[in-house]
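Engineer: With the sequence up front, the predicted model follows.
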Amino acid sequence: MPRRPRPKWPAEINGHRLHPESLMMSYGYRPEWSEGALKCPIFQTSTFVFQSAEEGKRFFELAYGLREPQRAEQLGLIYSRLNNPDLEILEDRLTLWDEAEEAAVFQSGMAAICTTLLTFLRPGDVVLHSEPLYGGTDYLIKRILPEWGIQPVGFLAGASEEEIRARIAAAGIADRIRVLYVETPANPTNRLVDLQACARITRDLGQSARPALLLVDNTFLGPLWQHPLKHGADLVLYSATKYIGGHSDVIAGAVLGKSELVKAIKATRTFTGSMAEPWTGWLLLRSLETLKIRMERQARNAHRVADFLAEHPKVEKVYYLGHLQPSDPQWEVFQRQCESPGAMISFEIRGGEAEAFRFLNCLKLIKLAVSLGGTESLAEHPATMTHADVPPEEQRRIGIRENLVRLSVGIEHPADLILDLEQALEAV
């Protein structure tokens, strides 16, 4: 495969910019580069052959930052821990939905999060973060990073800009905050964090030599229904296992944003070895082609399911963005920040853990499993599963109750999903 020129955004025909769902089929790849193969082959190789020793020298000079690239000069293929055609084409395509300058792909969502935080945090820094977070992220930020001298300070998702600023002032940490890390919507409560407010706050934090960065985990809504970079985020992160992969058959992660920041993350990735491998890259290229139609169907199904749950007498409360009312303070944030409620629903069953377990054990079509964003519908119990490592008192404080169930809605027929939910609720 000859060294390909990096494609430019936007791709156009007769001056008209093509939509991302169209570009997912071919962006960054040309069949003549690979014997006319319509789809990009799997480059299952550890290393790449240089045409000359001088070429190898040039590639390594760029890879290790020993000199600045000359005009139109690009890093060549060296070794699959540094770069690989499947990953590079995937990273090009991932930038399209968020209109990011650059992307980096990892072997898991946690690898993306961990590598990104390690790139920018140093002992003495503070991570200001929303709550609740995904259980793995929560453990990393609250249990592991403090062992390296990095202090976590949290605020509840849904807090106003004034409340977040008051939290910063009370803790006396404004000049030590290096990262403001948020998940929005929050996992599993679906509470929104105002990204524009966080961007304003971030601009006032940190030191002139090391300004604070706004990092956003966009897994629940993205990359279709929310675009954090457009609202002031510096970097957007994904568990690509979820909607991007979409078939519950691959583990991966991604981070996107400005080239300067992503290149720094890629440098860290080179030495942690946390990059995705070619087979993962190829599978995600396949999945991106159907991302929009999958997410659209999931969102439509979720609306019908949420409406059913809201009317059921054995359901105490439903957490679903599509049910926000203008009187809710979150309404304005949703209207400004989100393009759809997405397909994640959490709801509280009347009773406690026993009733929640009874419901989960009686599901037939919907599978009892963690993860989300796949073609199949999944249900789980956050308090004892995805967020089991969060202490009970912390769970209660951040809104995770023992009767809470999280539901990821798939692409099945919505009437069948409702039929399954109905029979399982009747068994409670």
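Structural biologist: Structure's in. What do you need?
Engineer: Poorly predicted segments of this structure, please.
Structural biologist: In the predicted model, the chain carries pLDDT under 70 at residues 1-10.
Engineer: where exactly do the strands run in it?
Structural biologist: Using DSSP state E, the strands of the chain run over 12-13, 16-17, 102-106, 126-131, 151-156, 177-183, 213-217, 235-239, 253-257, 315-319, 344-349, 367-368, 378-380, 404-408.
Engineer: Could I have the CA atoms of the fourth one written out in PDB?
Structural biologist: Output for strand 126-131, consisting of C-alpha atoms alone and laid out as PDB, is shown next (Å, rounded to 0.1, in the frame of the first residue of the first chain):
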ATOM      1  CA  VAL A 126      -6.100  18.500  40.600                       C
ATOM      2  CA  VAL A 127      -8.700  16.800  38.500                       C
ATOM      3  CA  LEU A 128     -12.100  18.500  38.800                       C
ATOM      4  CA  HIS A 129     -14.700  16.000  37.700                       C
ATOM      5  CA  SER A 130     -18.400  15.500  37.400                       C
ATOM      6  CA  GLU A 131     -20.200  12.800  39.300                       C
END
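Engineer: which helices and strands sit right next to it?
Structural biologist: Other elements packing on strand 126-131 under the criterion 3 or more C-beta pairs under 8 Å, 6 or more residues apart in numbering; DSSP states H and E are strand 151-156, helix 161-171, strand 177-183. For the C-beta atoms, the positions are set from N, CA and C on the backbone; glycine is no exception.
Engineer: taking the ones you listed together, which one is wrapped up most tightly?
Structural biologist: Highest mean neighbour count among the helices and strands packed on strand 126-131 (mean count of other C-beta atoms under 10 Å): strand 177-183, with a mean of 24.
Engineer: what number of residues lie near residue 313?
Structural biologist: Residue 313 is flanked by 7 other residues according to other C-beta atoms under 10 Å.
Engineer: List the contacts of it.
Structural biologist: Counting by C-beta atoms under 8 Å, 6 or more residues apart in numbering, residue 313 makes contact with residue 350.
Engineer: Phi, psi for it please.
Structural biologist: With angles defined as degrees, to the nearest 10, residue 313 sits at phi -70, psi -20.
Engineer: how much space between it and residue 351?
Structural biologist: Distance, residue 313 to residue 351, using C-beta to C-beta, to the nearest Å: 12 Å.
Engineer: Between strand 344-349 and the longest helix anywhere in the chain, find me the angle.
Structural biologist: Scanning the chain for the helix with the most residues, using DSSP state H, yields helix 291-311. If you take axes from the mean of the first three to the mean of the last three C-alpha atoms, to 10 degrees, helix 291-311 sits at 20 degrees to strand 344-349.
Engineer: Please name every helix or strand in contact with helix 291-311.
Structural biologist: helix 20-23, strand 315-319, strand 344-349, helix 414-426.
Engineer: Show residues contacting the longest one.
Structural biologist: Read that as helix 414-426. 300-301, 304-305, 308-309, 312, 314-315, 349, 359-360, 362-366, 377, 409-410.
Engineer: Just the CA atoms of the longest helix of the chain, as PDB, please.
Structural biologist: Provided in PDB are the C-alpha atoms of helix 291-311 (Å, rounded to 0.1, in the frame of the first residue of the first chain):
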ATOM      1  CA  LEU A 291     -23.400   4.100  12.800                       C
ATOM      2  CA  LYS A 292     -26.000   6.600  11.900                       C
ATOM      3  CA  ILE A 293     -28.800   4.200  10.900                       C
ATOM      4  CA  ARG A 294     -28.100   2.200  14.100                       C
ATOM      5  CA  MET A 295     -28.200   5.100  16.400                       C
ATOM      6  CA  GLU A 296     -31.300   6.600  14.800                       C
ATOM      7  CA  ARG A 297     -33.200   3.300  15.200                       C
ATOM      8  CA  GLN A 298     -32.000   3.000  18.800                       C
ATOM      9  CA  ALA A 299     -33.100   6.500  19.600                       C
ATOM     10  CA  ARG A 300     -36.600   5.900  18.200                       C
ATOM     11  CA  ASN A 301     -37.000   2.600  20.100                       C
ATOM     12  CA  ALA A 302     -35.800   4.300  23.300                       C
ATOM     13  CA  HIS A 303     -38.500   6.900  23.100                       C
ATOM     14  CA  ARG A 304     -41.200   4.300  22.900                       C
ATOM     15  CA  VAL A 305     -39.700   2.300  25.700                       C
ATOM     16  CA  ALA A 306     -39.300   5.300  28.000                       C
ATOM     17  CA  ASP A 307     -42.900   6.300  27.400                       C
ATOM     18  CA  PHE A 308     -44.100   2.800  28.400                       C
ATOM     19  CA  LEU A 309     -41.900   2.700  31.500                       C
ATOM     20  CA  ALA A 310     -43.100   6.200  32.600                       C
ATOM     21  CA  GLU A 311     -46.700   5.000  32.600                       C
END
